[in-house]
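[1] Build the 3D model from these lines:
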Amino acid sequence: MRFDQHTMVLLVRPGDAPDLPRDAADLLEDAHLAHQAGLVEQGAVLAAGPFVDHDNEQIRGIAVLSVDPEMARELYHNDPAVRSGQLIAHVFSWMVPEGNVRFENVPVPRSMLEVAAGD
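    I've put the predicted structure just below:
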């Protein structure tokens, strides 16, 4: 059996993440979303999104990438939320039977305003 290998990034909020005022946190969230959207536009990120309704609030989101793990580490090192200490990027490889998972080219939000608009 053949396998496809994807690079995964698990975004985790560290216990010692700096506290930010609401307006700064909102700006950082928008910068994170814009960074992520840029990676989608470059073709590096195939799918990404936050986790909701889960047992561990520190685990914030996940991304599936088309690049190797070393490149994923570099890309997420440049994420504003990672640089600020609000998130840590854990990178690993995921193997699935060939053709088991398919990704469509779907636009992602660049800001919380776009998320709220629902378009």
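[2] ok, and what's touching the longest helix along the chain?
    Longest helix of the chain, by residue count under DSSP state H: helix 22-42. Helix 22-42 is contacted from outside by 20, 45, 48, 63, 65, 75, 78-81, 84, 86-87, 107-115, using C-beta atoms under 8 Å, 6 or more residues apart in numbering. The C-beta positions use only the backbone N, C-alpha and C, and glycine is treated the same way.
[3] now, which of those residues lie within helices?
    Those of these mapping onto helices are 75, 80, 81, 112, 113, 114, 115, per DSSP H.
[4] List only those of these flagged as buried.
    Buried members of these, scored by 16 or more other C-beta atoms under 10 Å, are 75, 80, 81, 114.
[5] Give me the distance between the first one and residue 113.
    Per C-beta to C-beta, to the nearest Å, residue 75 is found 24 Å from residue 113.
[6] What ranges in the chain fall below the confidence cut-off?
    Scanning the chain for pLDDT under 70 picks out the ranges 119.
[7] Grab the nearest non-local neighbour of the spatially most central residue of it.
    Nearest to the mean C-alpha position of the chain, by C-alpha atoms, centre = their mean, lies residue 63 at 4.3 Å. Of all residues beyond its chain neighbours, the one nearest residue 63 is residue 48 (3.8 Å), with distances taken as C-beta to C-beta, 6 or more residues apart in numbering.
[8] can you count the residues close to the one you found?
    18 (other C-beta atoms under 10 Å).
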